[in-house]
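# Test case, fold it:
(2 chains)
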Amino acid sequence: MRILPFLFFVLLFSCLRSGAKTIVVCPGCEVNEFNAALAISSDYDTILIKKGNYVSVNTQVTKPLIIIGQDFPVLDGQEKDEVMVITSDNVVLSGLAVINSKRGSMKDYAGIRVTDANNVKIINCRLENTFFGIYLSKSNNCLISGNHSKGANYGKSDTGNGVQLWKCENVKIENNHMEGHRDGIYFEFAKHCLVENNLCEKNFRYGLHFMFSDFDVYRKNTFRNNGTGVAVMYTKNVEMYENIFENNWGESSYGLLLKDISRSIISGNYFSNNTVGITMEGSSKMNVNNNHFNENGYALKVMASCIEDTFMYNNFRGNTFDAATNGELRENLFKYNYWDKYEGYDLNHDKIGDIPFHPVSLYSMIIEQMPYAVILLRSFTMELLNRAEKSIPGIVPETFVDVAPLMKQASQ
Amino acid sequence: MFKNFVSFSGILIFVVSCTTEPQPINYGKDACVHCGMTIMDKKFGAEMINAKGKAIKFDSGECMVSFMNSEKKFEAEQYLIVNYVSEGELINAREAFFLHGGEVRSPMGAKLAAFKIKTDAENFKTKLGGDLLSWDEVKKIKF
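Okay, here's the model as predicted:
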């Protein structure tokens, strides 16, 4: 008998669930406005929007709904305000084209804003001419997948971020394409998030930018042609695997900028054609292994403020400078890396060079102090000085040394 | 004649060496001296100028203050900070009104905004919350 109330609730619940209806919106339909559909919907209804143009200025989604677009219906914010604001849990958006949010410097206008809502899914949407693309604040357990966002003011300095997370946890960002924003993806106080298989290109500042965001993982992403590279700052316990950093060229441009970061792993990444592959300042207990550095201006810039970092099994090929620093390094370990500039020998055939390798050349020390010395690049004078320094070391930091360089490239 | 030349060149050197005017922040191009980030947000930004007129730029007030509290050396004569309500306008930090805390969203997450006019600061205080501080109080904060 005690099971009866339970059964009653199950039945009631299933009745409620089966009561969920589908509202079709199209230009010729009975419901021809997105707002009208929202007004007559109840919890857990599905709104199916067919192809067409719909006005959506600051549309508030305040109940759990499944909103599906067919052939990318256009929700137009008419540059008056934000396009859509989600404040309810369990909302699903799929297949929408969200365009024309307002721009401005006083407020971060977004195409799709999610505030204080959990379990929100934004899938396969296109965002165009929005100041910020998708902006999540204080929202947990969300999914952002398969979206494509082109920023307003494409490629100019006053543009917003593609995806921005502020105080979020457990958010998964996968298979997105972010271009022409300030930062492709920006994390501020975002923890336990996963960023996977995204492409961030032609963003004005960073492809990916992390501030105060611990315990995150990012892997298999591509960051290319971004104004000033990728930055991970004031953060700990971050794992970066198998990302590609390429073509980040410019005066203050890096593949990866690390500032005040600790206990993190950088493994299996490719750094190609960047002004600087990785620049590190104030970072400690980092594990940098199995990465490829190809044809960068500098492969590594490790500032003297870095301690207890480990660099192993990395391949350095075709870089103008393998490494640079601004002082003596403390307690950093370089071991078993492959350096194409290594000229040592291996008499006992254990595939490890018998003499240590100093990746910092005299010339890179000079150029650090006098940037205009670049005019002497590859000159006979510099070659002579580098050779002299190698034979009788005096200026190059003694502690920046690979104690056991590999004779052949580290296999992955 | 020679004497004239000497005095003239003396004046010239004097004039050249004394242009300690604020240099406008080139948003999207200049990098913050302290954190290395490109300066982007026009509501924020700061600058220090030494007696010789050399200027170093920051993306936010909190970066300038933590730079001042770090071991890095720069003998600044002027401290300038961007007025929150006027894009890129550099004002004297010593006379500015600061709003700290609440919902202020500054680039380095320290919730610090600066205002030229006190009523602006008070208006934003009612909107965003936080506390009104003076430059001397801001300097003591450990960001």
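
# got the residues of the stretch 101-250 of chain A near chain B?
Counting by C-beta under 8 Å from any C-beta of the partner chain, the stretch 101-250 of chain A comes close to chain B at A:105-106, A:156-158, A:182, A:188-189, A:204-205, A:211-212, A:227-228, A:231, A:233-234. Where C-beta positions appear, they are placed from N, C-alpha and C, glycine not excepted.

# can you list the domain ranges for chain A.
Domain assignment of chain A by automatic domain parsing yields the ranges A:1-200, A:227-360+A:397-412.

# Mean pLDDT for those - can I get that in a markdown table?
What follows is those, written out as a markdown table (pLDDT from 0 to 100):
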| stretch | mean pLDDT |
| --- | --- |
| domain A:1-200 | 90 |
| domain A:227-360+A:397-412 | 92 |
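
# Now mean neighbour count too, for the ones you listed, in CSV please.
Compiled in CSV, those are given as follows (neighbours: other C-beta atoms under 10 Å in any protein chain shown):
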stretch, mean neighbour count
domain A:1-200, 19
domain A:227-360+A:397-412, 20
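
# Point out the one among these that comes closest to B:E75.
Checking the domains of chain A against B:E75 by C-beta to C-beta gives domain A:227-360+A:397-412 as the closest, at 20.9 Å.

# among the domains of chain A, which is nearest A:R378?
Nearest of these (C-beta to C-beta): domain A:227-360+A:397-412, 8.9 Å.

# what's the burial count for B:A51?
Neighbour count of B:A51, defined by other C-beta atoms under 10 Å in any protein chain shown: 12.

# Hmm, I typed the wrong one, I wanted B:K140.
B:K140 has 9 neighbours, counted by other C-beta under 10 Å.

# got it, and B:C35?
By other C-beta under 10 Å, 24 other residues sit near B:C35.

# Now, the residues of the stretch 101-250 of chain A next to chain B that are in strands?
A:E188, A:F189, A:M211, A:A231, A:M233, A:Y234 (DSSP state E).

# Could you dump the residues you listed into TSV with distance to A:M286 added?
As requested, those are exported to TSV (distance: C-beta to C-beta, whole Å):
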residue	distance to A:M286
A:E188	22
A:F189	22
A:M211	18
A:A231	15
A:M233	14
A:Y234	14
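
# What segments of chain B are helices?
Assigned helices in chain B, in chain order: B:2-17, B:61-69, B:118-128, B:135-139 (criterion: DSSP state H).

# any idea of the mean pLDDT in stretch B:56-72?
Taken as a whole, stretch B:56-72 has a mean pLDDT of 91.

# Quickly check: it near chain A or not.
No. Between stretch B:56-72 and chain A, judged by C-beta under 8 Å from any C-beta, nothing touches; the nearest distance is 10.3 Å.

# Over to that stretch now: how far is its first residue from its last?
Stretch B:56-72 has its terminal residues 12 Å apart, counting by C-alpha to C-alpha, to the nearest Å.

# Show me which residues of that stretch are buried.
By 16 or more other C-beta atoms under 10 Å in any protein chain shown, the buried positions in stretch B:56-72 come out as B:I56, B:K57, B:F58, B:D59, B:S60, B:G61, B:E62, B:C63, B:M64, B:V65, B:S66, B:F67.

# per-residue pLDDT, the residue of chain B at minimum distance from chain A?
Using C-beta to the nearest C-beta, B:G28 is the residue of chain B that sits closest to chain A, at 2.8 Å. You'll see B:G28 listed with a pLDDT of 83.

# For B:L133, see how far away it is.
Look at B:G28 and B:L133: by C-beta to C-beta, to the nearest Å, they are 29 Å apart.

# and if you look at A:R387?
According to C-beta to C-beta, A:R387 stands 58 Å off from B:L133.

# tell me the SS of the residue nearest to A:K51 when sequence neighbours are not counted?
Once flanking residues are discounted, A:K51 sits nearest to A:D71: 4.1 Å by C-beta to C-beta, 6 or more residues apart in numbering or on different chains. Three-state call for A:D71 (DSSP: H, G, I helix; E, B strand; the rest coil): coil.

# Tell me which stretches of the stretch 301-412 of chain A form helices.
Along the stretch 301-412 of chain A, the segments classed as helices by DSSP state H, counting those that start in this stretch run A:362-369, A:380-391.

# Close to chain A: what parts of chain B are there?
Contacts of chain B with chain A, taken as C-beta under 8 Å from any C-beta, map to B:27-29, B:31, B:35-38, B:40-43, B:87, B:108-109.

# which parts of the top strand by length along chain B are buried?
Ranked by number of residues, the top strand in chain B under DSSP E is strand B:76-82. For strand B:76-82, the neighbour count (16+ other C-beta under 10 Å) marks B:A76, B:Q78, B:Y79, B:L80, B:I81, B:V82 as buried.

# returning to that earlier point: now the two most distant members of the ones in strands among the residues of the stretch 101-250 of chain A next to chain B.
Applying C-beta to C-beta across these, the maximum distance is between A:F189 and A:A231, 15.4 Å.

# Which single residue of chain A approaches chain B most closely?
Relative to chain B, the nearest point of chain A is A:S157 (2.8 Å; C-beta to the nearest C-beta).

# Name the residues that touch stretch A:321-334?
A:293, A:297-304, A:306-312, A:316, A:339, A:341, A:359-361, A:363-365, A:367-368, A:397-403 (C-beta atoms under 8 Å, 6 or more residues apart in numbering or on different chains).

# near chain B, from those?
Answer for the contacts of stretch A:321-334 near chain B: none qualify (C-beta under 8 Å from any C-beta).

# which secondary structure element contains A:G28?
Taking DSSP states H and E as the definition, A:G28 sits outside all helices and strands.

# For A:C193, give its distance to A:L256.
Look at A:C193 and A:L256: by C-beta to C-beta, they are 18 Å apart.

# do A:G133 as well
Using C-beta to C-beta, we find A:G133 at a distance of 23 Å from A:L256.

# re earlier: when you filter the residues of chain B next to chain A down to buried only, what's left?
For the residues of chain B next to chain A, a neighbour count by 16+ other C-beta under 10 Å gives the buried set as B:27-28, B:31, B:35-38, B:40-43, B:108-109.

# Take these and write them to CSV, including distance to A:S94.
Listed next are those as CSV, based on distance: C-beta to C-beta, whole Å:
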residue, distance to A:S94
B:Y27, 37
B:G28, 35
B:A31, 40
B:C35, 38
B:G36, 39
B:M37, 35
B:T38, 35
B:M40, 32
B:D41, 33
B:K42, 36
B:K43, 35
B:M108, 36
B:G109, 33
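
# Looking at those, which is nearest A:I352?
For these, the nearest to A:I352 is B:G36 (35.6 Å; C-beta to C-beta).

# returning to that earlier point: which residues sit in contact with the spatially closest residue to the residue of chain B closest to chain A that is not a sequence neighbour?
Excluding its sequence neighbours, the residue lying closest to B:G28 (C-beta to C-beta, 6+ apart) is A:S157, at 2.8 Å. Applying C-beta under 8 Å, 6+ apart to A:S157 gives the contacts A:R182, A:F204, B:Y27, B:G28, B:K29, B:M40.

# give the contact list for the second one.
Same thing as A:F204. By C-beta under 8 Å, 6+ apart, the contact set of A:F204 is A:G155, A:K156, A:S157, A:T159, A:G180, A:H181, A:R182, A:N226, A:G227, B:G28, B:M40.
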